[in-house]
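Novice: sequence plus predicted model, see below.
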Amino acid sequence: GNYAKFKVTTNSGVYYSTNTITEVGSTYYIEKTTFSNRTGYTLTRYVLQNNRWKRSKMESYDSGIKSSTTTFSPYVNLLPSTIEIGSRDVQSYTATNSYNSTDYNSTQNQQQTLTVQSLERIVVPAGTFDTVKNNTKINTTSSLYSASSQSDSWYAKGIGMVKFYPSQDQYYLAELHSYH
């Protein structure tokens, strides 16, 4: 589909994010994400390479003015190349961030490990889906810091992501609320 609304539950309350496909080409699409709890939005560009969709660039806007751009090189995989329980892909890439309000730019080296954990039938506000549960671990290093993060995401064939849960200190859960 070209529209998905997510219910996002955090420690500080509930809000909604809406993802809309705004532009489609033969080998790319651009997704706009808006949030009910803020004025800005994000544009994410996905590119089709070797029969796989990959994230290539993200631009953040506040009140209609671009505030930052993150470019990924090479483009970032969304799922492992093989969808079988236990399959794993490791990818190294560079995320280059530029901020429009300053001359400050930063480059981060990241290593991402994608692992198919299970095939699960899950229930979210939009319905019941047969999904692939994927675990993502990202290790980040830059000249200023190093960090690691981990998240679980559930993908349904023909729909895309239907649930997202990052493993972090603050409670956060995104579940598909509606789509078309």
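Specialist: Received, thanks.

Novice: can you get me a residue count around Pro80?
Specialist: A count of nearby residues for Pro80, using other Cβ atoms under 10 Å, gives 20. Backbone N, C-alpha and C define where each C-beta goes, glycine included.

Novice: who's in contact with it?
Specialist: Pro80 makes contact with Ser87, Arg88, Asp89, Leu114, Thr115, Val116, Asn134, according to Cβ atoms under 8 Å, 6 or more residues apart in numbering.

Novice: any idea how far the fourth one is from Tyr28?
Specialist: The gap separating Leu114 from Tyr28 is 21 Å, by Cβ to Cβ, to the nearest Å.

Novice: repeat that for the second one.
Specialist: Between Arg88 and Tyr28 the distance, using Cβ to Cβ, works out to 27 Å.

Novice: the two: which has the busier surroundings?
Specialist: Neighbours per residue (other Cβ under 10 Å) separate Arg88 from Tyr28, with Tyr28 holding more: 15 against 12.

Novice: not counting sequence-adjacent ones, nearest residue to the more buried one?
Specialist: Computed as Cβ to Cβ, 6 or more residues apart in numbering, the closest residue to Tyr28 that is not its neighbour in sequence is Val47, at 4.9 Å.

Novice: just Pro125 next, same as before
Specialist: Leaving out its chain neighbours, the residue that sits closest to Pro125 by Cβ to Cβ, 6+ apart is His177, at 4.6 Å.

Novice: touching, Ser63 and Gly40? I think so.
Specialist: Yes - counting by Cβ atoms under 8 Å, Ser63 does reach Gly40; the two are 7.1 Å apart.

Novice: so between these two, which is more surrounded?
Specialist: More crowded of Ser63 and Gly40, by other Cβ under 10 Å: Gly40, with 15 against 8.

Novice: which residues touch the more buried one?
Specialist: Taking Cβ under 8 Å, 6+ apart as the definition, contacts of Gly40 comprise Ser60, Tyr61, Asp62, Ser63, Ser67.
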